[in-house]
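Chemist: got a structure for you, letters missing:
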């Protein structure tokens, strides 16, 4: 049994989608970051960086924070969604790192300045909007000749999809990125993606793309 500590954010959904895809039993625990619950002492014992998501794997006794590390751990443990071939594995890892270091942080800043605080920091709005659009172009190019980011469905897709699901917060029109839109809608049809999106609680209709 795995305990997942999470909230309704793209980083949280990355792990819940993977757990649903793996079909392993888990219990979700809502950590309401809008109320500062990520700073409580019990949670800090699991996630010293006071960020969600985090897991406790009671089978192995492992506590893990950082969504990318959690995804690699779970994929390796269950032998799914991360290739064992060194070249294919490196390809998935580079796109996972691309999400961790690029798409996620830049989209997150865009949410802050463009969606939540428009008009307060024009330079930041332009800076992050421009960069997010560049990243969408990168992803669109990668997906023009394939159904999934690394040809086969992997943790790279599961890591990127929740961030793309907030395209509206980023001021992105997916029609301008047709390969990304097709990929987004392809993953949206997966039952595990739909279930994972609504962890730890239902959040209304998933954006259709």
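Modeler: Yep, it's here. Bear in mind that the values here come from a model prediction, so they are computed numbers and not experimental data.
Chemist: Kindly tell me how buried the residue nearest to residue 23 when sequence neighbours are not counted is, as a neighbour count.
Modeler: Nearest residue to residue 23 in three dimensions, chain neighbours excluded: residue 192, at 8.0 Å (C-beta to C-beta, 6 or more residues apart in numbering). Just so you know, the C-beta spots here come from the backbone N, C-alpha and C atoms, and that holds for glycine as well. By other C-beta atoms under 10 Å, the residues close to residue 192 number 17.
Chemist: any residues touching the helix or strand in which residue 192 is found, and which ones?
Modeler: When secondary structure is defined by DSSP states H and E, residue 192 falls within helix 191-197. Counting by C-beta atoms under 8 Å, 6 or more residues apart in numbering, helix 191-197 makes contact with 13, 16-21, 23, 158, 161-162, 165, 187-188, 203, 206, all of which sit outside it.
Chemist: pLDDT of it, averaged?
Modeler: Averaging pLDDT along helix 191-197 yields 98.
Chemist: Please renumber the chain so that the first residue is 243 from this point on.
Modeler: All set: I'll call the first residue 243, so the last point we hit is now helix 433-439.
Chemist: buried residues in that helix?
Modeler: Residues of helix 433-439 classed as buried by neighbour count (16 or more other C-beta atoms under 10 Å): 434, 435, 438, 439.
Chemist: before we move on, what about stretch 346-363?
Modeler: Residues of stretch 346-363 classed as buried: 346, 348, 349, 350, 351, 352, 353, 355, 356 (neighbour count, 16+ other C-beta under 10 Å).
Chemist: dump the residue contacts of the second one.
Modeler: If I follow you right, that is residue 348. Residues in contact with residue 348, defined by C-beta under 8 Å, 6+ apart, are 370, 373, 374, 377.
Chemist: Swap in 6 Å and give it another go.
Modeler: With C-beta atoms under 6 Å, 6 or more residues apart in numbering as the criterion, the residues that contact residue 348 are 370, 373, 374.
Chemist: hang on, the earlier thing: for PyMOL, what selects the buried ones among the contacts of helix 433-439?
Modeler: Command for PyMOL, covering only those of these found buried under the criterion 16+ other C-beta under 10 Å:
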select buried, resi 255+258+259+260+261+262+263+400+403+404+407+429+430
